[in-house]
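**Q** got a predicted model here, sequence first, then my questions.
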Amino acid sequence: MGWLRRVLYEPLVQFMLMGAVIFAVHAAVTPSVSKERLIEVTPAVRQSIVDTFKASHEGRPPAPDELNKLIDVWILNEITFREAIAQGLDKGDEMIRDRITHKMRLLIFNGVQVEEPTPEVLASWYEKHRARYDIPDVVSFIQVPFTGPDAEAESRKVLGEILTGSEPEAVRQSALIMGSRPVLSLEPSFGKPFVDQLVALPKGQWQVLKSDQGWHVVRLDGFTPGRAVPLEEVSAQVSQAWTDERRRILGIAATKELGNAYVIRRDEP
């Protein structure tokens, strides 16, 4: 056993044994802390506090005493938030649930890595969504609407009065000015036949037209044809829109992946 005695008297071994004893004593007297009960001011939290302060103080970083106070406030807020969640105060309060859900969704979606689209991918996406970017046909007109069983007769009567300049004040007050309206936006309300006839009218002349809503005395004031916009003109906007859509798709997928850790039961009616 002489070799053991010699080993135990080695300074390095004694140092290691002392460290092990200290670690064991510390573990015995220090209770383990669950993640839920641990509030840690990490470097990321500290930097976030500093960045927030600088943003509201023209770039000036907080002084040490200011930073300590801000950290104290952060800890108090974290304690309050966790206790509120632990006591279920978020349950039944849709406003709180919405805010927490929104913040978590931002964390998930902002953490998604979106690759740069290839020119081919961007061009294909643009063709499917070019209605957002093409300049539409635009029309401006005035209309006096008529509905009911006698709408056609009334509209033709008013047309005659307008052409002779004898229309009553009530007609002028009921006239609706439709300025710079995209042609396609009119079709759901008035119907395509009405819109096609409207844009084909001579400018400045009053006419009677029938729509899906009834009859109208109309005057075409202006028509500006649209044009297809090449991708090169709006490449930056299209690239950002593609990235936003891709991030949304990947964010939803990431959220569903997190859902695999839960048992989800749906009460079927």
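**A** Structure received.
**Q** S174 touches V144, doesn't it?
**A** Yes. If you go by CB atoms under 8 Å, S174 and V144 touch, sitting 5.7 Å apart. The way it works is simple: take the backbone N, C-alpha and C, and place the C-beta from them, glycine included.
**Q** with neighbour numbers in mind, choose between those two.
**A** More neighbours surround V144 than the other of S174 and V144, with 23 against 14 (other CB atoms under 10 Å).
**Q** distance-wise, check that one relative to D93.
**A** Here V144 is placed at a distance of 52 Å from D93 (CB to CB, to the nearest Å).
**Q** what do you get for A44?
**A** Taken as CB to CB, the span from A44 to D93 is 29 Å.
**Q** the two: who's more crowded?
**A** Taking other CB under 10 Å, A44 and D93 do not tie; D93 has more neighbours (13 against 8).
**Q** show me the strands in the stretch 151-269 of the chain, by range?
**A** For the stretch 151-269 of the chain, applying DSSP state E, counting those that start in this stretch gives strands covering 176-182, 206-210, 215-224.
**Q** so the closest residue in space to F53 that isn't next to it in sequence: helix, strand or coil?
**A** Of all residues not flanking F53 in the chain, P62 sits nearest, at 4.5 Å (CB to CB, 6 or more residues apart in numbering). Three-state assignment for P62 (DSSP: H, G, I helix; E, B strand; the rest coil): coil.
**Q** P62 against L70, yeah?
**A** Yes. Between P62 and L70 there is a contact at 6.2 Å, judged by CB under 8 Å.
**Q** identify the contacts common to those two.
**A** Common neighbours of P62 and L70, using CB atoms under 8 Å, 6 or more residues apart in numbering, are 49, 53.
**Q** residue ranges in the stretch 151-269 of the chain under the pLDDT threshold?
**A** Where the stretch 151-269 of the chain drops to pLDDT under 70, the residues are 262, 264-269.
**Q** typo on my end, it should be the stretch 1-150 of the chain
**A** Counting by pLDDT under 70, the low-confidence segments of the stretch 1-150 of the chain come to 1-37.
**Q** for this structure, which segments count as helices?
**A** 2-8, 11-29, 43-55, 64-86, 94-110, 119-129, 151-164, 169-174, 183-190, 192-199, 235-258 (DSSP state H).
**Q** now these in TSV, with distance to D137?
**A** Output for these, formatted as TSV (distance: least, CB to CB, whole Å):
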stretch	distance to D137
helix 2-8	94
helix 11-29	77
helix 43-55	46
helix 64-86	54
helix 94-110	37
helix 119-129	19
helix 151-164	25
helix 169-174	27
helix 183-190	4
helix 192-199	7
helix 235-258	21
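**Q** ok, which of those helices comes nearest I135?
**A** For I135, the closest of these is helix 183-190, at 11.5 Å, according to CB to CB.
**Q** how about the CA coordinates for that closest one, as CSV?
**A** What follows is helix 183-190, C-alpha atoms only, in CSV (Å, rounded to 0.1, in the frame of the first residue of the first chain):
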residue,chain,number,x,y,z
VAL,A,183,-61.9,48.2,-64.0
LEU,A,184,-61.7,44.7,-62.5
SER,A,185,-62.9,46.1,-59.2
LEU,A,186,-66.2,47.1,-60.7
GLU,A,187,-67.1,43.8,-62.2
PRO,A,188,-68.3,42.1,-59.0
SER,A,189,-70.8,44.9,-58.3
PHE,A,190,-71.9,45.9,-61.8
